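Chemist: Sequence and predicted structure, then a few things I'm wondering about:
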Amino acid sequence: MRKILLLCLVVAVGVMTAGAAVADMAADTKALVEKGVAMFKDKGKDEALKAMNDPKGPFVQGELYLFAVGMDNVVVAHPLAKALVGKDQSGIKDPKGNAFFVKFTEVAEKPGSGWVEYWWPKPNEKEPSAKNTFIMKVPGEAIYVGGGYYK
């Protein structure tokens, strides 16, 4: 009986810890996106995009990184996937059929910020993983900034 109780306690603590870790990742992601958007106001568009394109810059923190996309779905900054920069991503779909760049733009247009769930490969991996991305439109620009964490 004690072993069962101990096992239940260990499982409960594990579930609570995992939930707290996800909440922390969501908060960290949102804060980094807000910091990226603030850089547009503080340093200007050119400096913000330069920083977001830098794989060793302030907006890359392990698997968490920022990217920027025009409201026309053309990527303007991505520190880890340079091949995407300058290309329209409106036709890109994840393995589940979600046109997530289109959804990003919809969120940026209205309500201006929010979360999008989709599948995308982790850095240095080929197979997609579930990912939550926070999107926020840059005030006064036809650009939004996104950052996400893997589940």
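Modeler: The structure has been received and is ready for your questions.

Chemist: Run a quick neighbour tally on Gln89.
Modeler: 19 (other C-beta atoms under 10 Å). To be clear about C-beta, it is placed using only N, CA and C from the backbone, and glycine gets the same treatment.

Chemist: That one contacts His78, doesn't it?
Modeler: No - in this structure, Gln89 is not within contact of His78 by C-beta atoms under 8 Å, at 9.9 Å.

Chemist: sec struct for Pro123, please.
Modeler: When classified by DSSP: H, G, I helix; E, B strand; the rest coil, Pro123 comes out as coil.

Chemist: Can you verify my assumption that it contacts Leu64?
Modeler: No - counting by C-beta under 8 Å, Leu64 is not a contact partner of Pro123; they are 10.0 Å apart.

Chemist: the more surrounded of these two?
Modeler: Between Pro123 and Leu64, counting by other C-beta under 10 Å, Leu64 is the more crowded of the two (17 against 14).

Chemist: who's the more buried one bridged to?
Modeler: Gln61 (DSSP bridges).

Chemist: ditto for Ile135
Modeler: Beta-bridge partners recorded for Ile135 (DSSP bridges): Gly114, Gly146.

Chemist: Distance-wise, check it relative to Pro58.
Modeler: Distance from Ile135 to Pro58, counting by C-beta to C-beta, to the nearest Å: 19 Å.

Chemist: Which SSE is immediately downstream of the least confident helix or strand in the chain by mean pLDDT?
Modeler: Within the chain, no helix or strand scores below helix 2-43, which has a mean of 69 by mean pLDDT, DSSP states H and E. Next in sequence after helix 2-43, counting helices and strands by DSSP states H and E, comes helix 45-53.

Chemist: which residues touch the spatially closest residue to Lys93 that is not a sequence neighbour?
Modeler: The shortest distance from Lys93 to any non-neighbouring residue, by C-beta to C-beta, 6 or more residues apart in numbering, is to Ala99 (5.2 Å). Ala99 makes contact with 90-93 under the criterion C-beta atoms under 8 Å, 6 or more residues apart in numbering.

Chemist: Output these in TSV; the columns should cover neighbour count and secondary structure.
Modeler: What follows is these, written out as TSV (neighbours: other C-beta atoms under 10 Å; DSSP: H, G, I helix; E, B strand; the rest coil):
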residue	neighbour count	secondary structure
Ser90	13	coil
Gly91	9	coil
Ile92	17	coil
Lys93	13	coil
